[in-house]
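Undergrad: Give me a 3D structure for the following:
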Amino acid sequence: GISGSGTQEFVADVFGAATEWYANEPAPFDTPDFLVGETINLVGSGPIRNMYNPSALGHKNCYDSAIPSTEVHAAAGPGNHWFYLLAEGTNPTNGQPTSTTCNNSTVTGVGIETAMKIFYNAMLLKTSGSSYLKYRTWTLTAAKNLTPGDCTNFNTVKSTETRKQRRTR
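TA: Numbers count the residues shown, from 1 in each chain. Reported below is the predicted structural model:
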């Protein structure tokens, strides 16, 4: 299915970030980070998106009901932030910047490779269309399916809350 409801660019950014980490280019090339478009200067002023702090470039870090109708590039913020938190956590130990969750919790990242496996397997669950809320369910299901009997990845996905307030069920 096609990505929609503001998820198009965050999907692309996740694959771009994972590719950058896989390639692991040394300086002066594009070294692994969680910035989008920083080396080609698409808009003449540095990166176009920041995955660890989307608000640094005027995008939302946290999901809200306006995101599905937000311009797709700006709507990437919550998804990019989610992926960063899943991969690196709130206080990375590998030199990456700290980042905060939308509910002020602490998250220990699962690493870029595991985060990408979870995301890719979530995409395999897509049927048609997508939304942030569907990706939330798909990533939780993917984490559970990838490590049956071990809740670590599931609990990490669950803790990477990108909404300001959790819904009560």
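
Undergrad: what kind of secondary structure is the spatially most central residue of the chain in?
TA: Nearest to the mean C-alpha position of the chain, by CA atoms, centre = their mean, lies residue 83 at 2.2 Å. Counting by DSSP: H, G, I helix; E, B strand; the rest coil, the backbone at residue 83 sits in helix.

Undergrad: That one and residue 115: what is the separation?
TA: 6 Å (CB to CB, to the nearest Å). Using the backbone N, CA and C atoms, a C-beta is placed for each residue, glycine as well.

Undergrad: In this structure the residue nearest to the centre of the chain contacts residue 12, no?
TA: No. Taking CB atoms under 8 Å as the definition, residue 83 is not a contact partner of residue 12, at 11.5 Å.

Undergrad: Stretch 80-93: how far from the chain's middle?
TA: In terms of CA atoms, centre = their mean, to the nearest Å, the centre of stretch 80-93 is set 8 Å apart from its chain centre.

Undergrad: And it, what's buried?
TA: 80, 81, 82, 83, 84, 85, 86, 87, 88, 89, 90, 92 (16 or more other CB atoms under 10 Å).

Undergrad: Output these as CSV; include the columns pLDDT and distance to residue 20.
TA: Listed next are the buried residues of stretch 80-93 as CSV, based on pLDDT from 0 to 100; distance: CB to CB, whole Å:
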residue, pLDDT, distance to residue 20
80, 96, 13
81, 96, 17
82, 95, 18
83, 96, 13
84, 97, 13
85, 96, 17
86, 96, 16
87, 96, 12
88, 96, 13
89, 96, 18
90, 95, 21
92, 94, 16
